[in-house]
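Student: Structure, please.
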Amino acid sequence: MPVVKARERRRSERRVINRMAKILSASGSLPRDCLVTDVSDGGVRLYVEGFEVPDDFVLLLSGDGLDGKERCYRVVWRLGYELGARFVRYVQRSDLAARG
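Tutor: Model prediction:
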């Protein structure tokens, strides 16, 4: 019987990175640690333990801020300690500092 591959839905290539990052929520709580397991232009896959990730969040990944901007994401799936989120928009780093 032939092996059937699942259709790839990503529009951009996924890169495995396994780097620590911080999740910042709109509630103003302190940033929380997570592990970014892979990333693409359109989204990110995270491993998170010890807290519930909000549906919308900012991901603070060292060296990733572009011209004073950070990426906002929206969760699209959850499975145990892993989740996938799609890129929504950029937010100014100065706006984040004003919240805290």
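Student: Okay, and the beta partners of the most centrally placed residue in the chain?
Tutor: Residue closest to the mean C-alpha point of the chain, counted by CA atoms, centre = their mean, is residue 44 at 4.6 Å. Beta-bridge pairing for residue 44 (DSSP bridges): residue 39, residue 85.
Student: heads up, I number from 453, so please use that
Tutor: Will do, 453 is the new start, and the previous item becomes residue 496.
Student: Can you give me the neighbour number for the closest residue to residue 473 other than its chain neighbours?
Tutor: What sits nearest to residue 473 in space, not counting adjacent residues and going by CB to CB, 6 or more residues apart in numbering, is residue 513, at 4.3 Å. All C-beta atoms are positioned from the backbone trio N, CA, C, and that covers glycine. Other residues lying near residue 513 total 17 when counted by other CB atoms under 10 Å.
Student: Distance check, residue 513 against residue 498.
Tutor: 10 Å (CB to CB, to the nearest Å).
Student: Same question for residue 484.
Tutor: 11 Å.
Student: Can you give me the neighbour number for residue 467?
Tutor: 10.
Student: if I look at it, how far off is residue 496?
Tutor: Residue 467 is 10 Å from residue 496, by CB to CB.
Student: Mutual contacts of these two, please.
Tutor: When contacts are counted by CB atoms under 8 Å, 6 or more residues apart in numbering, residue 467 and residue 496 are jointly contacted by residue 490.
Student: now stretch 522-538, how far from the chain's geometric center?
Tutor: Relative to its chain's centre, stretch 522-538 lies at 6 Å (CA atoms, centre = their mean, to the nearest Å).
Student: Just the endpoints, please. Distance across it?
Tutor: One end of stretch 522-538 to the other measures 14 Å (CA to CA, to the nearest Å).
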